[in-house]
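Participant: Sequence first, then the predicted structure, then my questions.
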Amino acid sequence: MRSVIARARTVSGALVFILLVSGCAPGSVVTAVDQTAKPISSIADPAPQFTTNATAVTSDGGSVEQGGVHVTVPKAVTTDGSDLKVSIGEEIGQAKSEFATEMFGIPVRVDHTADLSKTVTIEWDVSMLRESQQGLSLVRWNEELGMWVTSNEVITVEDDTATVEVQEFSTVSWTQIWAQKIGEMTDKRIDEPTCTGADLANWVDNTVDPDEGSPNAAIRVCFDPDRDDIVTVRIGNNRTFAQVLQLNDVADDFKWRWNGDDKFDITATVYNAAHTVLDDGDTMVLPPLSTQAIGIGRPSANGSTVIVGSANVGWQSALTDVIALSADAMSIGGTKNPALDAVIQVLFECGGSKLLGRPGTVADWTRGAVDAIGGCADEILRPDSEFGQRFETLSRQLIAKGGFSSTATIQLNRAARGVSSAFKALKVADLAFYASDQFANSLVGPLVWSISGRGAASAIGEWSASCSDTASDSDRLYRNIALQDQFANTSKELWQYTGWAAAVQNGVAPLQTCTNEYRQELADMLPGSWADAKAAKVVATAVMALSDACTNIYSVGMLDRMKQSGFVLNTPPYGLTLDDVGTMGLSDETLSEILGMHSEDLTCNWFTDSLHYGLSTRISDLTPDEAAIVRGRLEEPGYEREEFGGGTRYSSSGTSSLGDFGESFFLRGTTWIVSTWSGSAPSGYTRDIVENMG
């Protein structure tokens, strides 16, 4: 699987950059947003209310306390020694915008006429918040916009007290995304995916469905045919936790994937981000209680293949579930908030980089995911960190793409930073149920589905011979020739196919680069190395034919013509050997007798799919007396005569119930070229031999 960060950067690189100031310096406001953009949010922020008089603090310093808020002013805090005034306002409490439900703290205002040379410490009592709710962000009231704008000062929480150091003042408070307790999962199940039951592609021999007859199985699967020999696999995650689908090594990448029906809640945002960051060519996150689909193509490696898809829990699914369960517990919207989308995506990018390849149990992965998310959320809140910068860039891009107004943008960004603070405060204890023994024992896995079939065969003759390993070359020959689709019908032996001999002759071509000695060694071992010994003998004959001088007596053009016309050199059909088909005979007894005396001379036999049709040629070196006898017989009536190449060609032909037949004799000195044929013979055949021999 490729690097999580590399994949994430590929995704983000396609987005368009536009400036949006977020995570601003203290006191700053959003200034680079189109004020005429659509005002997505029509709900105003709650304004701070101050009903009591401000308390003056002199240059000697002091403290002010009211309603659970304690403000500490150090000595000589102003640059000119002037006094300052501290105001503590009324509690704001919960406030709901279109993007989130937030909890605001008691506002604090410090008025001063000169710059502050030191920080003022503010402490809030937050004992009313559960530990999981104590991830707080500092916000500043912008009078002009009427908005609470996030600021970069860090609030720490210890012993139910939130503390922050502030040097540049307007009115400040804290905010927190209202988070409910994370609920336990229930024992829900989904219906089985629906498939048509139509026949799958021809390359598929069998499929295995892990939930057949078991509606409680962890995954439910069915198979459908698709175009281009693709098999559609519909997969239902039948559990309330995410799983990871992984193809085995022999499978190619998914041809396509479908992530399920569109949803628009916060968990849908999480799972969409999981697909974007964690999915790979052969890996896919399966969200809980959902159905997805993938396309499986015919394997590129030829031969019998079993494509296996396994579904199990891994670090990817643990990371996804922890983010989804935590986000679902927060009072935030779904895809309406692009800044939140940016937080979720960056959490996956950062968390994935920390967990990539990490071994362990469900409990280990859950603990690791919580730790990683907490650290990543902390980075998101720091603009000077790698993932803080990543969040800033991505959120700007997504918000700008949505065309939000400046008012909505502030609320969007504030909600996103509040979510980051909530994730930062996430504890393993909040998710103890997720990693419990009950959860671990509910896993029946890894469950696997499989597709058994034949990989796509390479073109006949497209393989490389080792020329040193007969066992390897025998196997490569078998895979290249015997595993072709045309020989897939197992009711026949290979040698019984009419196209077997022709396929063999083309298939052995790569062995031309090997030595004659090696080809002889390979031919000797072939019949004993294949289950179909008769078919292997045909291959052995073809291998030895490569060492035959026959290939040297023809031009390349004639060899191609013969093959294109359906002729195969020195390889009889139907598993027969050259000994089985006998020797050449002539109609003239005298000529046949002389020819028989040269049976060891070069003989080249061309066969077709029928034993009734073929062509045989013998080249002999006669004695002068034999040459004189042959010429005398050929000069008699009944033979057509043609002069070329320094010699004379004599021929005769006829037709029988089986078709055309004929004989050809070329005599030049004592060189005698004899050809007989049954069926059609290519024109210029003898002339090509004469010209090629010189």
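Facilitator: Looks like it came in fine. Residues are numbered from 1 along each chain as shown.
Participant: dump the residue contacts of D282.
Facilitator: Q246, L247, A251, D252, D253, F254 (C-beta atoms under 8 Å, 6 or more residues apart in numbering). Any C-beta I mention is one placed from the backbone N, CA and C, and that applies to glycine too.
Participant: Is the fourth one part of a helix or strand, or is it coil?
Facilitator: Right, the one you point to is D252. State at D252, reduced to three classes by DSSP: H, G, I helix; E, B strand; the rest coil: coil.
Participant: Sketch out the low-pLDDT regions of the stretch 51-200 of the chain for me.
Facilitator: For the stretch 51-200 of the chain, applying pLDDT under 70 flags the ranges 98-99, 132, 178-187.
Participant: Repeat the analysis, applying 90 as the threshold.
Facilitator: Low-confidence segments of the stretch 51-200 of the chain, defined by pLDDT under 90: 51-52, 78-81, 93-103, 112-115, 127-137, 142-154, 157, 168-170, 175-192, 197.
Participant: That one: strands as residue ranges?
Facilitator: Here the stretch 51-200 of the chain has its strands, by DSSP state E, counting those that start in this stretch, at 55-57, 62-66, 69-73, 84-88, 93-96, 101-104, 108-112, 120-125, 137-142, 147-150, 156-158, 161-166, 171-177.
Participant: which one of those lies closest to S592?
Facilitator: The closest of the strands of the stretch 51-200 of the chain to S592 is strand 171-177. By C-beta to C-beta, the value is 103.1 Å.
Participant: Tell me which other helices or strands that closest one touches.
Facilitator: Contacts defined by 3 or more C-beta pairs under 8 Å, 6 or more residues apart in numbering; DSSP states H and E place strand 171-177 against strand 101-104, strand 108-112, strand 137-142, strand 147-150, strand 161-166, helix 406-424.
Participant: Direction included, what does the third one pair up with?
Facilitator: Yep, that's strand 137-142 we're talking about. As defined by DSSP bridges, the strand partners of strand 137-142 come to strand 147-150 (antiparallel), strand 171-177 (antiparallel).
Participant: what residues are up against the residue sitting nearest the centre point of the chain?
Facilitator: Among the residues of the chain, the one closest to the centroid is G281, at 1.0 Å (C-alpha atoms, centre = their mean). The contact partners of G281, by C-beta under 8 Å, 6+ apart, come to D253, F254.
Participant: From W256, how far off is it?
Facilitator: 11 Å (C-beta to C-beta, to the nearest Å).
Participant: thinking again about what came up before, mean neighbour count and distance to S565 for the strands of the stretch 51-200 of the chain - can I get that in TSV?
Facilitator: Output for these, formatted as TSV (neighbours: other C-beta atoms under 10 Å; distance: least, C-beta to C-beta, whole Å):
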stretch	mean neighbour count	distance to S565
strand 55-57	17	108
strand 62-66	15	105
strand 69-73	21	100
strand 84-88	20	102
strand 93-96	13	84
strand 101-104	21	82
strand 108-112	20	98
strand 120-125	20	95
strand 137-142	23	83
strand 147-150	24	82
strand 156-158	13	89
strand 161-166	18	91
strand 171-177	25	80
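Participant: Turn those strands into a markdown table, columns for distance to A465.
Facilitator: Listed next are these as a markdown table, based on distance: least, C-beta to C-beta, whole Å:
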| stretch | distance to A465 |
| --- | --- |
| strand 55-57 | 93 |
| strand 62-66 | 90 |
| strand 69-73 | 85 |
| strand 84-88 | 88 |
| strand 93-96 | 75 |
| strand 101-104 | 72 |
| strand 108-112 | 84 |
| strand 120-125 | 80 |
| strand 137-142 | 69 |
| strand 147-150 | 69 |
| strand 156-158 | 72 |
| strand 161-166 | 76 |
| strand 171-177 | 67 |
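Participant: L355: which of those strands is closest?
Facilitator: L355 lies closest to strand 171-177 among those, at 24.2 Å (C-beta to C-beta).
Participant: just to revisit the earlier point, among the strands of the stretch 51-200 of the chain, which is nearest Q292?
Facilitator: strand 171-177 (29.9 Å).
Participant: Would you mind getting the angle between the closest one and strand 161-166?
Facilitator: Per axes from the mean of the first three to the mean of the last three C-alpha atoms, to 10 degrees, the angle that strand 171-177 makes with strand 161-166 is 130 degrees.
Participant: Put the alpha carbons of strand 171-177 into PDB.
Facilitator: Output of strand 171-177 as PDB, limited to C-alpha atoms (Å, rounded to 0.1, in the frame of the first residue of the first chain):
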ATOM      1  CA  THR A 171     -13.100  40.500  25.200                       C
ATOM      2  CA  VAL A 172     -12.100  36.800  25.400                       C
ATOM      3  CA  SER A 173     -13.800  33.600  26.400                       C
ATOM      4  CA  TRP A 174     -13.500  29.900  25.700                       C
ATOM      5  CA  THR A 175     -15.600  27.700  23.500                       C
ATOM      6  CA  GLN A 176     -16.100  24.000  23.200                       C
ATOM      7  CA  ILE A 177     -18.000  21.700  20.900                       C
END
